[in-house]
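Trainee: Below: sequence and its predicted model.
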Amino acid sequence: MSEPLVAFDDVLTRYEPVIGLETHVELGTESKMFCGCSTTFGAEPNTQTCPVCLGLPGSLPVANAAAVESTIRIGLALGCRIASWSRFARKNYFYPDIPKGFQTSQYDEPLCTAGHLDVEVDGETYRVEIERVHLEEDTGKNLHVGGATGRIHGADHSLVDFNRAGIPLVEIVTRPVPGAGAKAPDVARAYVTELREIIQTLGASDVRMEQGSLRCDVNTSLAPVGSLEWGTRTETKNVNSLRSVERAVRYEMRRQAAVLDAGGRVLQETRHFHEDTGSTSPGRSKEEATDYRYFPEPDLVPLAPDTEWVEKLAAELPELPAARRTRLQQEWGLSATEMTWLVNAGALGLVERTVAAGASPADARKWWLGELARRANDAGVELTELAVTPAQVAELTALVAEGTVNDKLARQALDGVLAGEGDPRAVVQARGLAVMGESDELGAAVDAAIAGAPDVVAKVRGGKVQALGALVGAVMKATRGQADAATVKRMLEERLLGG
Amino acid sequence: MSDLTALSVVELQQALSAGETTSVEVTRAHLDRIAAEDGALGAYLHVEGEAALRRAGEIDAAGTAGTGLAGMPVALKDVFVTEGVPTTSGSRILEGWRPPYDATVARKLKDAGTVLLGKTNMDEFAMGSSTENSAYRPTRNPWDHDRIPGGSSGGSSTAVAGRLAPVALGTDTGGSIRQPAALTGLVGHKPTYGSVSRYGLIAFSSSLDQAGPMARTVLDAALVHEAIGGHDPRDSTSIDAPVPTVVEAARRGAGGDLAGLRVGVVRELGGDGAREGYDAGVLERVAEAVALLEGAGAEVREVSCPSFGLALPAYYLIAPSEASSNLARFEGMRFGIRVGDDGSRDIDEVMALTREQGFGPEVKRRIILGTYALSAGYYDAYYGQAQKVRTLITRDFHAAFDDVDVLVSPTSPTVAWPIGARVDDPLAMYAADLCTLPASLAGVPAISVPCGLSEGLPVGLQVMAPALSDDRCYRVAAAVEAALGAPLTDRLAERAA
């Protein structure tokens, strides 16, 4: 069922993309949005439920104050205006995963409006305007049993797990973002990346896309170059990784271009993203969309965040990622490009913690972008998943700096750390990796090297001092790299050139 | 002991604490009467029977009977969720459901040591003014078995008036406590919105629903009010304020001295130019009651509340709108009946069939009304406009309460009508709530107190007060009760004897 696609570069010769993102973030509150049930992920189905989140007759919601606070903090971090009067609203529709027959959400009176987020792609800054940040409750989860695909079509029966029902969900909606051109997919990805990092910094959510605690709907439309009107947009759901955000925009641009090229009309519809193929397929058509009959939730009193409290929350916001990057770049004396590499490698936090543990910024960066990046790459894991802590990396750099080990020995020490043999210093001890000082043992190795290469010795004595390197190499080899090269060189010079 | 079912709550308290009777005896007397009479009256949808006697035995054994409400049998309208006890809200769609939790008011009464006799009949989902909309059976008025007992709390009114319970709880959305109380000769109070918890009250219209007592005397009602009132953290619309001192007010009012109290008679509710649809006998009894208040020292004046005339259309937009959403959860997935789940139908069909067969015609009518009123493009014209009317009505109350302490009117424009007389005329049925709707929309407290008979049927006087001044309602009601002598229901007992 593959659809015709236009080559990406070709799309841009004729069309301008406009993107928009709706991001749902499950807040990391202890309890649910409107009841006291636990929000822990992965519990036995329907064990974290009560009359309220099951929508039993007679039950009533009570808003979770911590969730309101988190939403306001997210709004503040995005430069939003915080409403002094905000209400919940009922979004009415029937579906088995919404127990009350409506979702308690916000409609025309959201908590936060009119913010923005600047993202950087290839040295270029793009401003993404935030239309609104509002608070709602998550739905339950349907499990379709018996079919091949896990989708409702072809399933024998369906089960509903209400553990997720009522978990506080913040929805962050951007305004349409025009003008990104070929960078539209990257801007979409950069936006979600930055948003994720901000929310992580706020401690408002664990923002795990793979567990669904951050979910993205990506809107894409195309308009002919030069057109004053925007095209019809599609809303792609089920976009569950940063890479997928980029791929989904890319795919929709290519697909919609093919539709338009053929003289067709893009349907306003919901589409599903498929991780395996990177493609989208049509879902429910928005043109036959339900009327949600929004009205203010009469079971909840309006929210009226007190100005002083909001100001206090604003003052207590932690340093946000962009500010932190600027500061660290200055403190570490990095160029913008170097900083970008560090960020893209996902190493910023690791380097920061390594520096905090005593390493120099240069050493910390060298380790994480060099040896450790290589190891992660070989193992096919993220840097953060390596079995080594920033403190251990700092210890490695210290061992090198104090001359206990050289770079090669340090790498061997890292082997030990990754193998779970303990901290670097302990590994050096246990494996006997310390550099050999000026000992009798080393003296004997130096003498042996001189005795074993009379031709080289002659060259050195004849004035070709650079030939000394071959002898150093021989000593290093004989000591299995454990000698300190500078010491070896000095000992050779003493013996051959009389100091 | 004489007939225990003839005693008021206060008299039963005294008898219990004096050791003249036991909770088991009182409970058994009521269960016996239910067994004898309820076949004809249809007040109960579920009777606790043995469970009630066991519970009464526990209270007797604990030796607390007569302390507060301990040992007192009570009946609850079936709109209240009761743990392990069938709860239907008068609807087929909840047939067989045994809730896993207690409504806050049910819990409070349980904690006070009361004995649950059973769950009383009601209009389905509290939608109605006659209890004829019960999915199970109509309830008959003990004053005349061919007449309705009012509604939607008609099971509770018949149970208490017919001495099938000493006291009961009802709920009032547009008059559902006050109107059946008036039509059966009881005292019924709708508390200030937010002063009694709605948690566990199966919602009809969330912004209007309030639970309250229905009793044969003002003091009985006050005692139960005090037991169920107060802030509930589970209900965010619940007001964090102390329960008004209603018992004290009822005792004070019974002294008959209303000197200095300013009473406003609402012109728009049965006054000059607004008498159409009112029984002459009702207006006479109400006028006599007002004269009694004057006789007790109150200053009486006429007050105009021009927006009250808009209460009916506003109510019939707001309540159905909220109901259309509140009733969405009844789709057969998690509780109650499920229809058509034979493996051949998809979920939308099963939900639709369940609702088609589970809901009665009046409920469907209101869901359709509400769904329409909330639809895109109509919201502003209907729901939005109705909310504005609500604000106007609230302003009328504020303005009136600048000049008077309480407002009075008839509770119902008519006495109880014959069963079936209005079932084919929903607008006539809706007009039964004309007098009770303004207080509902404004959230202010209002009580109905018996003020005599017309055509041999009870008439109620409504007393409305500012929010959180429920005590004024009780004070004035108690003065009327005292001036009239014995509770009106005594005459019903005499008539039966």
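Mentor: Structure received.

Trainee: Give me the spatial nearest neighbour of the residue of chain B found nearest chain A, chain neighbours excluded.
Mentor: Residue nearest to chain A within chain B: B:A328 (2.3 Å; C-beta to the nearest C-beta). Every residue, glycine included, has its C-beta placed from N, CA and C. Nearest non-adjacent residue to B:A328, counting by C-beta to C-beta, 6 or more residues apart in numbering or on different chains: A:G101, 2.3 Å away.

Trainee: Neighbours of that neighbour, how many?
Mentor: 21 (other C-beta atoms under 10 Å in any protein chain shown).

Trainee: Wait, it touches A:R90, no?
Mentor: No: A:G101 is beyond contact range of A:R90, at 9.0 Å (criterion: C-beta atoms under 8 Å).

Trainee: Which neighbours do those two have in common?
Mentor: When contacts are counted by C-beta atoms under 8 Å, 6 or more residues apart in numbering or on different chains, A:G101 and A:R90 are jointly contacted by B:S325.

Trainee: quick one on the thing from earlier: the residue of chain B closest to chain A looks like it's in a helix, true?
Mentor: Yes: B:A328: assigned to a helix according to DSSP: H, G, I helix; E, B strand; the rest coil.

Trainee: Share the number of residues neighbouring it, please.
Mentor: 23.

Trainee: how close does it get to A:P57?
Mentor: Separation of B:A328 from A:P57 (C-beta to C-beta, to the nearest Å): 12 Å.

Trainee: model confidence over stretch A:234-248, on average?
Mentor: Averaged over stretch A:234-248, pLDDT sits at 89.

Trainee: Now it - C-alpha only, PDB.
Mentor: This file holds the C-alpha atoms of stretch A:234-248, laid out as PDB (Å, rounded to 0.1, in the frame of the first residue of the first chain):
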ATOM      1  CA  THR A 234      -2.600  16.300   8.300                       C
ATOM      2  CA  GLU A 235      -2.100  15.300  11.900                       C
ATOM      3  CA  THR A 236       0.300  12.400  12.300                       C
ATOM      4  CA  LYS A 237       0.000  10.500  15.500                       C
ATOM      5  CA  ASN A 238       2.000   7.800  17.200                       C
ATOM      6  CA  VAL A 239       5.300   9.600  16.600                       C
ATOM      7  CA  ASN A 240       7.200   8.000  19.500                       C
ATOM      8  CA  SER A 241      10.900   9.000  19.100                       C
ATOM      9  CA  LEU A 242      12.800  12.200  18.200                       C
ATOM     10  CA  ARG A 243      14.000  10.600  15.000                       C
ATOM     11  CA  SER A 244      10.400   9.700  14.100                       C
ATOM     12  CA  VAL A 245       9.400  13.300  14.500                       C
ATOM     13  CA  GLU A 246      11.800  14.200  11.800                       C
ATOM     14  CA  ARG A 247      10.900  11.300   9.600                       C
ATOM     15  CA  ALA A 248       7.200  11.900   9.900                       C
END
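
Trainee: Show residues contacting it.
Mentor: Applying C-beta under 8 Å, 6+ apart, the external contacts of stretch A:234-248 come out as A:21-22, A:185-186, A:188-189, A:192-193, A:196, A:209-210, A:212, A:215-221, A:252, A:256, A:266-273, A:275, A:278, A:280, A:283, A:286.

Trainee: so who does the nearest residue to A:E137 once chain neighbours are set aside touch?
Mentor: Nearest residue to A:E137, sequence neighbours excluded (C-beta to C-beta, 6+ apart): A:M33, at 4.4 Å. A:M33 sits next to A:61, A:63-64, A:67, A:104, A:135-138, A:166-169 when contact means C-beta under 8 Å, 6+ apart.

Trainee: ditto for B:D240
Mentor: Neighbouring residues of B:D240 by C-beta under 8 Å, 6+ apart: B:H231.

Trainee: B:S17 against B:G68, yeah?
Mentor: No: at 9.7 Å, B:S17 does not count as touching B:G68 under the criterion of C-beta under 8 Å.

Trainee: hey, what's in contact with both of those two?
Mentor: Residues touching both B:S17 and B:G68 (C-beta under 8 Å, 6+ apart): none.

Trainee: picking up where we left off before, mind listing what the residue of chain B closest to chain A touches?
Mentor: A:N92, A:F94, A:K100, A:G101, A:F102.

Trainee: Now do the strands in chain A.
Mentor: A:15-26, A:81-82, A:89-92, A:102-105, A:112-121, A:124-137, A:141-145, A:157-161, A:168-174, A:214-224, A:234-239, A:269-274, A:279-285, A:295-296 (DSSP state E).

Trainee: Which strands and helices lie in contact with the fourth one?
Mentor: Translated: strand A:102-105. Applying 3 or more C-beta pairs under 8 Å, 6 or more residues apart in numbering or on different chains; DSSP states H and E, one finds that strand A:102-105 contacts strand A:89-92, strand A:124-137.

Trainee: again with the fifth one
Mentor: Contact here means 3+ C-beta pairs under 8 Å, 6+ apart; on that basis strand A:112-121 packs against helix A:65-77, strand A:81-82, strand A:124-137, helix A:184-202.

Trainee: just to revisit the earlier point, so how do I select the buried members of the contacts of stretch A:234-248 in PyMOL?
Mentor: In PyMOL syntax, the buried subset of those is picked out as below (16 or more other C-beta atoms under 10 Å in any protein chain shown):
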select buried, chain A and resi 21+22+185+186+188+189+192+193+196+209+215+216+217+218+219+220+221+252+256+266+269+270+271+272+273+280
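
Trainee: related to what we said a few turns ago, quick one: which of the helices and strands packed on strand A:112-121 is nearest B:H145?
Mentor: In terms of C-beta to C-beta, the element of these nearest to B:H145 is strand A:124-137, at 48.9 Å.

Trainee: Can you tell me the closest non-neighbouring residue to the residue most central in space within chain A?
Mentor: In chain A, the C-alpha nearest the mean C-alpha coordinate belongs to A:T193, at 5.6 Å (C-alpha atoms, centre = their mean). Spatial nearest neighbour of A:T193, excluding adjacent residues (C-beta to C-beta, 6+ apart): A:L242 at 5.6 Å.

Trainee: Could you measure from that neighbour over to chain B?
Mentor: Remark: distance between A:L242 and chain B (C-beta to the nearest C-beta, to the nearest Å) = 34 Å.

Trainee: Quick one: residues contacting A:P176.
Mentor: By C-beta under 8 Å, 6+ apart, A:P176 lies in contact with A:V18, A:I19, A:G20, A:N219, A:S221, A:W230.

Trainee: and if we set it to 7 Å?
Mentor: Going by C-beta atoms under 7 Å, 6 or more residues apart in numbering or on different chains, A:P176 touches A:V18, A:G20, A:W230.

Trainee: And B:V404, by the same measure?
Mentor: Residues near B:V404 by C-beta under 7 Å, 6+ apart: B:R262, B:V263, B:G264, B:R301, B:V303.

Trainee: Correct me if wrong: the third one contacts B:F401.
Mentor: No: with contact defined as C-beta atoms under 7 Å, B:G264 and B:F401 do not form a contacting pair (8.4 Å).

Trainee: so what's whatever residue of the stretch 301-450 of chain A ends up closest to chain B closest to, chain neighbours aside?
Mentor: Nearest residue of the stretch 301-450 of chain A to chain B: A:V301, at 5.4 Å (C-beta to the nearest C-beta). Spatial nearest neighbour of A:V301, excluding adjacent residues (C-beta to C-beta, 6+ apart): B:S236 at 5.4 Å.
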